[in-house]
Structures are given as C-alpha cells and as structure tokens.
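fold the following for me, if possible:
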Amino acid sequence: MKTFKTVSCLMCICGLLFFCAAPAAPAASLPRMYPTCSYQGSWKEIGKQTAMHYGDTIMYTGIVFNNFMNIGAEETLAYYDEIKGRIPAAIQEQMEGLAQGLNEYWSVPYDTAWTWVLVANLGFDIMSKHTLDKEVQGCTAFALHSDQGTFLCHNTDNASANVDLGSLIYYQPDNGDNAFLSFFAAAFVGAALAVNDKGLAVTYNVGGRNKNPAAGLTVLLKTREVMATCGSVAEAVESFKTFLDAGGTYGYATSNFLFVDFKDSSMARLQVSSREIKVTYGQELKPGVTYIGFTNEFDDDFSPRTEADLAKTSVISSQTRYKRLMELLPAFEKYDLETCWEILTDKSGGESDNNTICRRGQSTITTLANIFTADTAYYAVGPPCEYLALYGAPMAVGLEQKVQPSIGGSVTALGRPLAHVPVVLESTSMKGMTLKTCTDGNGAYLFNNLESDTYRLRVKKFPHVPGRKVVDFQKGTQQTIDLNLLF
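Next up, the predicted model:
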C-alpha cells in the first residue's frame with residue numbers, strides 16, 4: 001500500500017482512527033447542514049474543483065476502504081482494468097479530474113491519487129465480491145403521488161461515522177449533459193440521491209442477494225450516467241436495459257433504485273443484479289394515491305432469500321422496517337409533506353433502534369433523510385426524528401436556485417492572496433453548525449445556502465497569525481468578508 005507524506009494526510013488518518021472508534025453521534029451533535037458547492041465546466045474540471053474543496057474527504061474514503069475493508073491498490077487497479085471499457089467517458093474524465101486535483105492542490109503523487117479515487121469509487125463492488133453472503137447497512141424508500149403533490153422520500157442508513165461526511169453538490173457540465181443536484185460524499189462520482197434539471201430524481205437502497213454475480217459497471221456510476229443523460233423514468237429504465245442488452249454487466253453490489261419524474265409524477269423501482277433487472281411501477285394505494293415502497297429486499301420472484309439470510313441482523317432489520325412501512329402508508333387521510341416526514345421519523349411507538357424506520361442501532365443509524373418534491377429538496381442530517389426535535393425544521397433547497405451564495409471573500413497575507421487555505425465557519429448559537437472550505441487559486445472562498453445566524457470565520461496558515469471575524473448574516477443576502485493575515 002502506498003502512503004502519503006503530507007501533513008494533510010496525517011491529519012486525515014488521525015481523524016479516521018477517531019471516527020472508526022467513535023460511537024453513534026448523539027442528537028445534540030448532529031450537523032445542521034451539508035457543505036454546499038456548485039461546479040461548472042468540463043467533467044475533468046468539475047473533478048478538479050471537487051478535489052480542491054474535498055481532498056481530505058477523498059483521501060479519508062480511500063483509506064477507509066484500503067485499511068479497514070482490505071481493498072488493496074493492486075486488486076483495485078486490476079478490477080479497474082477489467083471493467084474500464086464499461087465506464088462512460090464522462091465519468092472516466094471526472095475521476096481523472098479528482099486525481100489531478102489531489103495532485104495539484106494536495107501534493108499527492110498522481111499515481112497514488114488515481115489509486116485512491118478508484119478505491120473510493122470501486123470499493124463497494126470489490127467488497128461485495130468478497131462478501132456476497134454479507135450485507136452493508138440498509139435504507140428505507142417510498143414515493144407518493146396525491147392531490148397534494150408528488151414526493152420522493154428516503155432514509156439513508158449507514159455507519160454512524162458517516163454522518164459528517166456528506167456534501168451537497170450541484171454539477172453543471174458544459175458538454176450538453178444535464179445539470180443535477182447530488183447528495184453524496186464528495187469522493188464518489190456516482191449518484192445515489194439526486195435530482196436533475198429535467199425533473200428526474202433517484203434514490204438508492206442496497207439490494208438483496210446477487211444472483212449470477214459478475215464484475216461490471218458499478219451501479220452508482222450507472223445512475224450518475226442516467227442523471228446526466230436522461231429526462232424521464234422511461235428513459236432511465238431504457239438506459240438500464242440497453243446496457244444489459246448490449247452485453248454489459250453490472251457489478252457485484254446490488255441495488256434497489258427508485259426513480260420519480262416530477263413532470264408527470266411517474267415512478268419506477270429498479271431491482272438490479274449483475275445480469276438482470278426487474279422494473280415495477282407505481283400502484284394504487286387508495287383512490288387518487290399512487291405509491292411505491294421498499295427497504296433492502298428483492299422480490300422473491302427476482303432473487304429470493306435463503307434460510308441463512310433470514311437469520312441475519314441486516315435482513316431482520318430490512319424486513320421489520322418494510323412491514324412497518326406497509327402498515328404506515330395506508331393509515332393516513334392526507335398525503336402531503338407532513339405525512340412524508342411523519343413516516344420518515346417513525347419509531348414504531350417507542351425509541352428508535354436498529355429496526356425502526358428512523359434508525360439508531362449500535363453502529364448503524366439514519367445518516368440522512370431526504371424528501372424531493374417538484375420544487376424543493378428537503379433534507380435532515382442524521383436520524384430525522386432527532387434532527388427535527390433538535391432544529392425544528394429540515395433544510396430546504398429550492399430547485400429554481402439550488403445554490404445561493406451567502407458569505408464569501410478573499411484571504412490574503414500582507415496583501416497577497418493565499419491559495420488552498422482552509423476556512424472554517426461556525427455558528428455562535430448552534431453546536432452542530434460548522435462548515436469548512438478551502439480558498440481557490442486566487443485566495444477566494446465561499447459558503448452557500450446559509451441560514452440566518454451569527455457566525456465566526458476562522459483561517460489559519462503557518463507562519464501567519466490566524467485570522468478571525470464575526471459575521472451577522474441574514475438568509476437571502478450575500479456578504480463579502482475579507483480576511484488579511486499578519487505575521
């Protein structure tokens with residue numbers, strides 16, 4: 001395994017050891033929001049911009065797969081050579097941009113950077129290849145259409161350490177691809193929770209047992225291609241089918257995808273294994289209400305569970321959450337945004353645990369809750385039952401203006417711009433409100449989509465004296481705050 005010789009990476013490794021040993025984050029420390037960025041240009045340029053701001057996250061993700069999940073560099077490069085002909089060119093360019101950004105902005109040797117990018121983006125498949133009889137954490141998904149609107153709803157369940165690793169990125173490629181908003185850790189170029197400018201949205205659940213597993217295109221890279229090239233549920237389904245019909249295979253990690261087109265309120269569930277998919281469409285829940293709902297199970301006629309599967313903790317959780325979801329869905333008189341949050345925050349009448357929809361197990365919790373509508377993307381970081389009790393309301397991102405510049409400016413030292421310097425913003429009133437970014441090559445920084453509050457800005461760059469400022473910010477405005485560091 002190659003190692004970094006940079007201070008940034010040593011700090012990253014120390015953080016990794018802390019996170020891996022940490023218990024589930026308590027409600028009082030849940031982050032208020034994700035850092036939000038917008039990137040434009042070619043896919044390679046977008047990759048470089050992402051690495052500039054999130055280089056530590058990319059390296060952290062690679063280290064996790066490498067050191068703690070035994071995904072080695074040699075195996076990853078060999079797997080990439082096996083499947084690279086199936087990876088769309090635009091995705092290949094974005095990954096190359098990530099590696100180039102790590103090289104230019106974080107002083108990581110390019111070959112090492114490229115390996116980390118591949119480990120992060122192919123790690124799930126390689127891990128699944130070695131653990132076909134095991135499963136990672138699950139999720140809960142449902143879609144509803146009624147006279148109150150169309151709603152795509154999802155709880156992401158994952159290891160508790162991942163609560164702090166998410167980001168909200170608006171990709172705006174200049175090659176004719178669709179722009180789309182993505183909720184995902186920045187190390188991954190795939191699309192797990194996303195909505196594009198054509199009104200097509202997707203959520204991702206881990207699937208059931210993979211029948212006839214094979215090396216192939218990672219499923220989340222496929223949804224990334226769909227978000228960039230498709231504008232309807234029908235086009236998304238056809239894209240998945242065409243790939244298989246042309247002789248392609250999907251990778252070892254299975255999936256349950258839920259697509260919704262907000263233009264016509266159509267919805268479809270795609271169960272995906274290496275060589276086969278199953279498509280089901282919205283069904284009538286009651287007069288005037290259409291729905292789809294699932295957790296991590298595959299239909300028995302697609303890929304049934306074994307007796308050994310049924311005894312697994314992950315399968316028990318999935319089936320218990322599914323049963324509860326099916327109890328809740330028909331129980332309401334009105335199907336609106338409030339109903340959707342009531343379902344996502346459900347604790348089965350007690351405390352949240354590993355088997356409740358709002359989940360808090362010993363190591364697995366709901367790390368993100370999403371509701372997409374035709375005009376807004378709502379989200380809560382961590383178990384939504386705890387987040388809403390703590391903060392009172394979810395974050396809301398208007399899809400007409402997905403990224404709203406809030407506080408920005410330049411960082412200089414004795415009048416000269418400081419490039420690639422960390423800038424920290426933290427609330428003076430909310431414990432969970434801390435964001436980080438880096439200055440660009442001209443010393444400029446920017447924080448987006450902030451709520452009204454009083455914030456502290458902090459900048460440190462050796463050997464300069466640290467800079468600090470306090471900012472009173474009102475939502476909907478844009479403030480310029482420059483920081484000049486002194487010796």
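
E238 should be in a helix, yeah?
Yes. Under DSSP: H, G, I helix; E, B strand; the rest coil, E238 falls within a helix.

against V289, how distant is it?
The gap separating E238 from V289 is 27 Å, by C-beta to C-beta, to the nearest Å. Quick note: C-beta positions are derived from backbone N, CA and C, even for glycine.

try N175
With C-beta to C-beta as the criterion, N175 and V289 are 40 Å apart.

more neighbours: those two, which one.
V289 (19 against 11; other C-beta atoms under 10 Å).

got the phi and psi for that one?
Backbone torsions of V289, given as degrees, to the nearest 10, read phi -130, psi 120.

what residues are up against it?
L144, H145, S146, Y335 (C-beta atoms under 8 Å, 6 or more residues apart in numbering).

T57 now?
L165, S167, A185, A186, A187.

can I get those in TSV including secondary structure?
Formatted as TSV, these follow (three-state DSSP):
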residue	secondary structure
L165	helix
S167	coil
A185	coil
A186	coil
A187	coil
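
count of neighbours near D336?
15.

packing partners for the strand or helix carrying C340?
For C340, the host element (DSSP states H and E) is helix 337-344. With contacts defined as 3 or more C-beta pairs under 8 Å, 6 or more residues apart in numbering; DSSP states H and E, the packing partners of helix 337-344 are strand 139-146, strand 149-159, helix 313-328, strand 364-372, helix 384-391.

show me what counts as buried in the longest one.
Same thing as helix 313-328. By neighbour count on 16 or more other C-beta atoms under 10 Å, the buried set for helix 313-328 is S314, V315, S317, S318, Q319, T320, R321, Y322, R324, L325, L328.

let's have those residues in a markdown table, adding distance to A396 and pLDDT.
Formatted as a markdown table, these follow (distance: C-beta to C-beta, whole Å; pLDDT from 0 to 100):
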| residue | distance to A396 | pLDDT |
| --- | --- | --- |
| S314 | 32 | 85 |
| V315 | 35 | 88 |
| S317 | 29 | 91 |
| S318 | 29 | 92 |
| Q319 | 33 | 93 |
| T320 | 31 | 94 |
| R321 | 26 | 96 |
| Y322 | 28 | 96 |
| R324 | 27 | 97 |
| L325 | 24 | 98 |
| L328 | 23 | 98 |
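
and the furthest pair within the contacts of V289?
H145 and Y335 (8.1 Å; C-beta to C-beta).

who touches both of the two?
Joint contacts of H145 and Y335 (C-beta under 8 Å, 6+ apart) are F151, V289.

check contacts around the residue nearest the centre of the chain.
In the chain, the centroid-proximal residue (C-alpha atoms, centre = their mean) is F184; its distance is 1.7 Å. Residues near F184 by C-beta under 8 Å, 6+ apart: G166, S167, I169, G190, A191, A192, L193, A194.

out of these, the closest to Q362 would be?
G166 (21.3 Å).

how about the contacts made by the closest one?
G166 neighbours (C-beta under 8 Å, 6+ apart): Y34, F183, F184, A185, T367, L368, V381.

and A90, by the same measure?
W43, P173, N175, D177, E225, A228.

most neighbours, which of those residues?
In terms of neighbours by other C-beta under 10 Å, the contacts of A90 top out with W43 at 25 neighbours.

now that one: how far from A228?
For W43, the distance to A228 (C-beta to C-beta) stands at 9 Å.

shared neighbours of the two, anything?
Common neighbours of W43 and A228, counting by C-beta under 8 Å, 6+ apart, are A90, P173, D177.

ok, the second one touching I46?
Yes. Here P173 reaches I46: they are 6.5 Å apart, a contact under C-beta atoms under 8 Å.

quick check: neighbours shared by these two?
Shared contacts of P173 and I46 (C-beta under 8 Å, 6+ apart): Q40.

name the helix or strand of the protein that has the lowest mean pLDDT.
helix 7-21 (a mean of 29; mean pLDDT, DSSP states H and E).

picking that back up, show me how to select, in PyMOL, the buried members of the contacts of F184.
Here is the PyMOL command that selects the buried residues among those (16+ other C-beta under 10 Å):
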select buried, resi 166+167+169+190+191+192+193+194
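
between the contacts of F184, which is nearest K84?
Within those, proximity to K84 (C-beta to C-beta) peaks at G190, which comes in at 15.5 Å.

show me the contacts for that closest one.
Here G190 is in contact with N121, F184, T218, V219, L220, L221, T223, R224 (C-beta under 8 Å, 6+ apart).

do the same with A143
T150, F151, L152, C153, L258, V260, M267, G282, Y291, I292, G293.

ok, and the most crowded of those residues?
In terms of neighbours by other C-beta under 10 Å, the contacts of A143 top out with V260 at 29 neighbours.

just the pLDDT for the closest residue to W106 other than its chain neighbours.
Closest residue in space to W106, ignoring its immediate chain neighbours: G55 at 4.2 Å, by C-beta to C-beta, 6 or more residues apart in numbering. The model reports G55 with a pLDDT of 90.

helices of the stretch 1-150 of the chain, start to end?
7-21, 43-63, 73-83, 89-106, 110-130 (DSSP state H, counting those that start in this stretch).

flag the shaky bits of this protein, pLDDT-wise.
Residue ranges of the chain with pLDDT under 70: 1-28, 132-137, 487.
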